[in-house]
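Undergrad: whatever this is, show me its structure:
(2 chains)
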Amino acid sequence: MIRRSLQLLAAAAAVVAFAAPAAAQTIAITGGTVALGDGSAPIPGGTVVIRDGRVVAAGQGVAVPAGAQVVNAAGKWVTPGIIAGFSRLGLADVDAVAGANDQSSDGPFSAALDIAPAINPNAAPIAINRAEGVTRAIVAPSTGKSIFAGQGALIDTGADGQPVTRGRLFQYVELGEQGAETSGGSRASAHALLRNALREARQVGAGTAAGRSEAGLGQEDPREDPVVANPNENRTYEARRNQDVLLTRFDAVALVPVVQGRQLLLVHAERASDLRQVIALKREFPRMRLAIVGADEGWTVASELAASGIPVVASALTSLPNSFESLGSTHSNIGRMRAAGVKVSIGTINDDEQRMSFRARWYAGNLVGLSRLPGAAGLSWGEALAAITSAPAEAMGIGGDVGSLRPGRRGDLVIWSGDPLDHLSAAEAVYIDGVQQPLETRQTKLRDRYRTLDRGVLPEAYRR
Amino acid sequence: MNRGLIGASLAALAVAGCATTGAADKDDGERVRVASDPFPSTYQRYPGAPVVVTGVTILDGEGGRIDNGQVYLADGKIQAVGQTVAAPAGAQVIDGAGKYVTPGIIDVHSHLGDYPSPGVEAHEDGNEATGPARPEVWAEHSVWPQDPGFSRALANGGVTALQILPGSANLFGGRSVTLKNVPARTMQGMKFPGAPYGLKMACGENPKRVYGDKGGPATRMGNIAVTRQTWINAKAYKRKWDKYEAEGGDVPEQDLAMDTLKGVLEGKILVHNHCYRADEMANMIDLSKEAGYKIGTFHHAVESYKIADILAREGICSAMWADWYGFKMEAYDAIRENIAFVDRAGACAIVHSDDANGIQRLNQEAAKAMAAGRRAGLPITEEYAWKWLSMNPAKAMGIFDQTGSLKPGKNADVVLWNGNPFSTYTRPERVWVDGALMYDANNPRMRPVSDFELGQPGEGDVK
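TA: Residues are numbered from 1 along each chain as shown, chains lettered A, B, ... in the order given. Below you'll find the predicted structure:
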């Protein structure tokens, strides 16, 4: 009973603190320039209706339901919340402080690591990105001693202390220079480790009849189907496996859904030849679902990427040959991939991804600007917004749930003071799952404390 | 004739006959002098045709604005700026309708050339991290002119001049060098004629981290102690040379490290002090007064907003990012309004990059800072904000007499933007350095390609 009351008190306190409407409420945002996030052009004078935390309708001529809370957005822009297409948001409060940084691990496990319990919804970057209109983030761990970093998550940036929307959304693997480095110094070694791991996982997965079926394995193939007669009796299997394994059992089991195509494999690769090797993986492991992050040289193999159907999350504004795997970097990378039919979106890869996801909207704006430059390839405005909303969601297989204002999606939206892709605009209201969010951060509190430097009757520490 | 070149030649003459180390020879009435410019600039401006841009929005870099105005460049100089200008019949006319003209952007904090692309270990030449005080090193000796980053800063960022600083591992990191952003085979070919040297100093976490387990200093108090002692040594060195200058006698032993610090004490070398926190900046201000030098600019001054009044009173510039925060403890209290608040207090505010990518969008960083300032209630105009990108950094680098604003007689370091340069949608259309066209978005041949990029994927591509 006591605990129950405490919970109720906490809930009440939260409501007061955030002045948030209940999720069950119907909200109609009217009169704004509405951009759906699906690649289409902005719609002037549109209406968005959210009920029970989900989008009901958005566009022109949408009726305001009776009893709805009406928010007048005239003169403003309304978009789905920005999705950080690739981030490490919530994994570090201060990067350089080891205790406040959970991005990677040098411990014994790799693929088995699940980043979800490490996410800290109170880390300063969560609030700072929320205040900038980032409502969801694809969060990946970083690799430690293995090419596998573990399982990433989809989170929201809401102030309710419950950040994880979808844990174990994908497995993350490094296959470029970084993968080579962690696997002994060569890409060949990284690929051997990858294949070995996937085969071990296939073996483990084949330990059950269901797994065998899902993995598409024949009953009689002795190479694929070891001696396990009874899926519940795995001592025989264990004895055989222990003769030659590189993965802990925990890690091997974690890769079973990857090899069976039930969990996305997110591969980091930049160099053209590395991208081709990723495409080739689909031939070898046909059930596997793949997405690529990085792809600085993606434009040089754009038609192959497009034909593979593998989605790509790329950094928008890499322009320097900052490594030998990125010699072909160009601002036109995303535009050219898009033109070739690659499903491409924007993420921050090796780009302050712990903290700076909010820059994505300006990166997207830059790609619009690039489309106006002779010889360059950029994105249309609608495509640019999609690249930071629906496209990353679709790359991760969650486009049905988040990333646009299409009916049925989660009620994540932002009311902006103006064009959200330009610097002069700011988020004025942010909704996550239909709940309006606080936009105060420790930055805004510091700003307010030091608005004046006049000496007061008490030190600055008393100003709150 | 380039004024800077004359200056450089005179300097070269003056320093002929360097001091030898440990010389015991008596002078015969003429003093032995320490070379002040042993690696002189060989930069020469490239030819530029007279050009008039018409119908353009002009931000002059000093806070002035002319809508639908005209700019006339010839002979390497800005000839005229106004609503209309008188230009010769033969001048090339560029229709600037819908576009902006500004002074070229000047980055007061860059490591291009010292930490070039590709960023491999063999290229890490920006920190002489072998002792906490290494004022004897000069950043110019690490500059690799083939760094592709220079051309990106030019073509994507409209950067026409930049200061290359050694890194911040050391309390005394060494001398900076100021470059024209014009490709050359040698560092000397890029060196900004007549620009004074800078001294890079650092406080805070970096020296602590680098030397904490290498004999120290390991603490902030250790940082201050080593810095003070080094200045005490420098003052003794200066006294020796001053006495020799006045009275002759034995030639004092030359010390490269002390030469640099002596130059600071004489006001010839400008101090660029990497320092994030307000309390540490205050310590460095007191320290500078004790040692007898002036701090020109605090770099990465994340907490300047907390002491903007002090910085205004002391006449110290702050070079800042628009939105970097949280990557280390001393960056934890960053706020978006820092640049605007520093400016509002009457202190000198500069937008800096410290970054090979950020230098390509300093105009957009200024836009973020301007927008944050406006939201905080400060009515900052575009023409005013451009001071953070050209006039203030030029002053901090001691080159404002030559560049940094669109005043007749100044070097024609100019950018024509294809729209409002505070917009994400805008890119440089043309960039002139000393009146020579160095980049033209409409002409693929007017895009520099460094030796490193030749024969590589994307050679000469839009970057």
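Undergrad: which residue does the stretch 201-350 of chain A have closest to chain B?
TA: Residue nearest to chain B within the stretch 201-350 of chain A: A:Gly328 (3.3 Å; C-beta to the nearest C-beta). Where C-beta positions appear, they are placed from N, C-alpha and C, glycine not excepted.
Undergrad: same question for stretch A:39-59: list its buried residues.
TA: A:39-40, A:42-43, A:46-51, A:53-59 (16 or more other C-beta atoms under 10 Å in any protein chain shown).
Undergrad: can that stretch be said to contact chain B?
TA: No - applying C-beta under 8 Å from any C-beta of the partner chain, one finds stretch A:39-59 separated from chain B by no less than 14.6 Å.
Undergrad: and the stretch 1-150 of chain A, which of its residues are near chain B?
TA: So the stretch 1-150 of chain A meets chain B at A:Ala92, A:Asp93, A:Val94, A:Asp95, A:Ala96, A:Val97, A:Ala124, A:Pro125, A:Ile128 (C-beta under 8 Å from any C-beta).
Undergrad: chain neighbours aside, what residue packs nearest to the fourth one?
TA: The shortest distance from A:Asp95 to any residue other than its chain neighbours is 4.8 Å, reached at B:Phe327 (C-beta to C-beta, 6 or more residues apart in numbering or on different chains).
Undergrad: low-confidence bits of the stretch 151-300 of chain A, can you list those?
TA: A:207-245 (pLDDT under 70).
Undergrad: let's see which of the buried residues of stretch A:39-59 end up in strands.
TA: Members of these lying in strands (criterion: DSSP state E): A:43, A:46-51, A:54-59.
Undergrad: just the residues you listed now: which is nearest chain B?
TA: Among those, A:Ile43 lies closest to chain B (C-beta to the nearest C-beta), at 20.3 Å.
Undergrad: pull the contacting residues for that closest one.
TA: A:Thr33, A:Val34, A:Ala35, A:Leu36, A:Gly59, A:Gln60 (C-beta atoms under 8 Å, 6 or more residues apart in numbering or on different chains).
Undergrad: go again using 10 Å as the cut-off
TA: Taking C-beta atoms under 10 Å, 6 or more residues apart in numbering or on different chains, we find A:Ile43 in contact with A:Gly32, A:Thr33, A:Val34, A:Ala35, A:Leu36, A:Ala58, A:Gly59, A:Gln60, A:Gly61, A:Val62, A:Val78, A:Leu405.
Undergrad: any of those residues buried? List them.
TA: A:Gly32, A:Thr33, A:Val34, A:Ala35, A:Leu36, A:Ala58, A:Gly59, A:Val62, A:Val78, A:Leu405.
Undergrad: can I get those residues in JSON lines including secondary structure and distance to B:Thr186?
TA: Converted to JSON lines, the buried ones among the contacts of A:Ile43 look like this (DSSP: H, G, I helix; E, B strand; the rest coil; distance: C-beta to C-beta, whole Å):
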{"residue": "A:Gly32", "secondary structure": "strand", "distance to B:Thr186": "57"}
{"residue": "A:Thr33", "secondary structure": "strand", "distance to B:Thr186": "53"}
{"residue": "A:Val34", "secondary structure": "strand", "distance to B:Thr186": "56"}
{"residue": "A:Ala35", "secondary structure": "coil", "distance to B:Thr186": "51"}
{"residue": "A:Leu36", "secondary structure": "coil", "distance to B:Thr186": "55"}
{"residue": "A:Ala58", "secondary structure": "strand", "distance to B:Thr186": "60"}
{"residue": "A:Gly59", "secondary structure": "strand", "distance to B:Thr186": "61"}
{"residue": "A:Val62", "secondary structure": "coil", "distance to B:Thr186": "65"}
{"residue": "A:Val78", "secondary structure": "strand", "distance to B:Thr186": "55"}
{"residue": "A:Leu405", "secondary structure": "coil", "distance to B:Thr186": "57"}
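Undergrad: tell me the one among the residues you listed nearest to chain B.
TA: Set against chain B, the nearest of those by C-beta to the nearest C-beta is A:Ala35 (15.5 Å).
Undergrad: pretty sure the closest one contacts A:Val78?
TA: Yes - with contact defined as C-beta atoms under 10 Å, A:Ala35 and A:Val78 form a contacting pair (7.2 Å).
Undergrad: coming back round to it: per-residue confidence at the residue nearest to A:Asp95?
TA: We note a pLDDT of 97 for B:Phe327 in this prediction.
Undergrad: quick one: it and A:Glu353 touch, right?
TA: No - with contact defined as C-beta under 10 Å, B:Phe327 does not reach A:Glu353; the gap is 11.5 Å.
Undergrad: need the residues touching each of the two.
TA: In terms of C-beta under 10 Å, 6+ apart, B:Phe327 and A:Glu353 are both contacted by the residues A:Ala92.
Undergrad: ok, A:Gly85 - contacts?
TA: A:Gly85 is in contact with A:136-138, A:293, A:312-316, A:344-349, A:353, A:357, A:360, A:387-389, A:391-393, A:395-396, A:403, counting by C-beta under 10 Å, 6+ apart.
Undergrad: what of A:Leu317?
TA: Here A:Leu317 is in contact with A:329-331, A:333-334, A:346, A:351, A:359, A:362-363, A:366-367, A:370, B:156, B:357, B:360-361, B:463 (C-beta under 10 Å, 6+ apart).
Undergrad: about what we covered before: between the residues of the stretch 1-150 of chain A next to chain B, which is closest to B:Ser117?
TA: A:Asp95 (22.2 Å; C-beta to C-beta).
Undergrad: state the distance from that closest one to A:Arg130.
TA: 19 Å (C-beta to C-beta, to the nearest Å).
Undergrad: which one's more surrounded, these two?
TA: Counted by other C-beta atoms under 10 Å in any protein chain shown, A:Asp95 and A:Arg130 do not tie: A:Arg130 has more neighbours, with 27 against 20.
Undergrad: can you pull the contacts of the closest residue to that one other than its chain neighbours?
TA: Leaving aside its sequence neighbours, A:Arg130 sits nearest to A:Thr157 (C-beta to C-beta, 6+ apart; 4.0 Å). Neighbouring residues of A:Thr157 by C-beta under 10 Å, 6+ apart: A:81-82, A:84, A:89-90, A:121, A:125-137, A:163, A:357, A:412, A:430, A:432, A:437.
Undergrad: buried ones in stretch A:180-200?
TA: Under the neighbour-count criterion of 16+ other C-beta under 10 Å, stretch A:180-200 has A:180-183, A:187, A:189-191, A:193-194, A:197-200 buried.
Undergrad: make JSON lines out of those residues and add distance to chain B and secondary structure.
TA: Shown next, in JSON lines, are those (distance: C-beta to the nearest C-beta, whole Å; DSSP: H, G, I helix; E, B strand; the rest coil):
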{"residue": "A:Ala180", "distance to chain B": "14", "secondary structure": "helix"}
{"residue": "A:Glu181", "distance to chain B": "12", "secondary structure": "helix"}
{"residue": "A:Thr182", "distance to chain B": "17", "secondary structure": "helix"}
{"residue": "A:Ser183", "distance to chain B": "19", "secondary structure": "coil"}
{"residue": "A:Arg187", "distance to chain B": "16", "secondary structure": "helix"}
{"residue": "A:Ser189", "distance to chain B": "20", "secondary structure": "helix"}
{"residue": "A:Ala190", "distance to chain B": "19", "secondary structure": "helix"}
{"residue": "A:His191", "distance to chain B": "22", "secondary structure": "helix"}
{"residue": "A:Leu193", "distance to chain B": "24", "secondary structure": "helix"}
{"residue": "A:Leu194", "distance to chain B": "25", "secondary structure": "helix"}
{"residue": "A:Ala197", "distance to chain B": "29", "secondary structure": "helix"}
{"residue": "A:Leu198", "distance to chain B": "30", "secondary structure": "helix"}
{"residue": "A:Arg199", "distance to chain B": "33", "secondary structure": "helix"}
{"residue": "A:Glu200", "distance to chain B": "34", "secondary structure": "helix"}
